[in-house]
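Asks: Got a predicted model here, sequence first, then my questions.
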Amino acid sequence: MVIELGAMYSVLGALFIAAFATHSDLSNLIFLSISHIQGIAQLLIIIRVADSRAFDGTACINDGPIASLKFRVTASTANSIQEIHDLED
C-alpha cells in the first residue's frame, strides 16, 4: 500500500513535468497542489503504520547469510591507494 500512496505524488510529479515542458498554465496549478498531495501521502503512510497494516517483514525472507561486498583491486586502484597513504604521511 505504501507504493500506491507514493504513486499519487509520482503521478502528479510526472504531470507537472509534462505540463511544464509544454509551457502550460496547468503547471502552476499542479505546482501549488503538489505539496498538499505530498503531505496527504505522508499522513496516509503514517496512519497505515500506526494501524499495523504496514510491511511486516514476512514478504522478504532470506534463506542464507547476506554476502559481503567485495571489490576487485587493480593496478590503478592500488596505485591510487598508495598515493593517498603517501599524502597522509
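Replies: Perfect, thanks for sending it.

Asks: could I have stretch 26-40 exported to CSV, CA atoms only?
Replies: Taking Å, rounded to 0.1, in the frame of the first residue of the first chain, the C-alpha atoms of stretch 26-40 are listed here in CSV:
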residue,chain,number,x,y,z
LEU,A,26,-1.7,23.8,-15.7
SER,A,27,1.9,23.5,-14.4
ASN,A,28,1.1,26.4,-12.0
LEU,A,29,-1.9,24.6,-10.6
ILE,A,30,0.0,21.3,-10.2
PHE,A,31,3.0,23.1,-8.6
LEU,A,32,0.7,24.7,-6.0
SER,A,33,-1.1,21.4,-5.2
ILE,A,34,1.9,19.0,-5.2
SER,A,35,2.9,20.0,-1.6
HIS,A,36,-0.6,19.2,-0.4
ILE,A,37,-0.6,15.8,-2.1
GLN,A,38,2.8,15.1,-0.6
GLY,A,39,1.5,15.9,2.9
ILE,A,40,-1.6,13.7,2.4
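
Asks: Can you give me the buried ones in it?
Replies: Within stretch 26-40, the residues scored as buried using 16 or more other Cβ atoms under 10 Å are 27, 30. Glycine gets a C-beta too; all of them are placed from N, C-alpha and C.

Asks: C-terminal to the host helix or strand of Ser10, what's the next element?
Replies: When elements are assigned from DSSP states H and E, Ser10 belongs to helix 2-21. Downstream of helix 2-21, the next assigned helix or strand under DSSP H and E is helix 26-50.

Asks: What's the mean pLDDT across that next one?
Replies: Across helix 26-50, the average pLDDT comes to 85.

Asks: For that helix, enumerate the helices and strands it packs against.
Replies: Counting contacts by 3 or more Cβ pairs under 8 Å, 6 or more residues apart in numbering; DSSP states H and E, helix 26-50 is packed against helix 2-21.

Asks: for the helix it packs on, packing partners?
Replies: Short answer (3+ Cβ pairs under 8 Å, 6+ apart): helix 2-21 packs on helix 26-50.

Asks: on that earlier part again, CA atoms only for the helix holding Ser10, dumped as CSV, please.
Replies: Output in CSV follows, covering the C-alpha atoms of helix 2-21 (Å, rounded to 0.1, in the frame of the first residue of the first chain):
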residue,chain,number,x,y,z
VAL,A,2,2.9,2.3,0.6
ILE,A,3,3.7,2.1,-3.1
GLU,A,4,0.2,3.1,-4.0
LEU,A,5,0.4,6.1,-1.6
GLY,A,6,3.7,7.2,-3.1
ALA,A,7,2.2,6.8,-6.6
MET,A,8,-0.1,9.7,-6.0
TYR,A,9,2.9,12.0,-5.6
SER,A,10,4.8,10.4,-8.5
VAL,A,11,1.9,10.7,-10.9
LEU,A,12,1.4,14.3,-10.0
GLY,A,13,5.1,14.9,-10.5
ALA,A,14,5.0,13.4,-13.9
LEU,A,15,2.0,15.5,-14.8
PHE,A,16,3.9,18.6,-13.6
ILE,A,17,6.9,17.8,-15.8
ALA,A,18,4.7,17.2,-18.8
ALA,A,19,2.8,20.5,-18.2
PHE,A,20,5.9,22.4,-17.6
ALA,A,21,7.6,21.1,-20.7
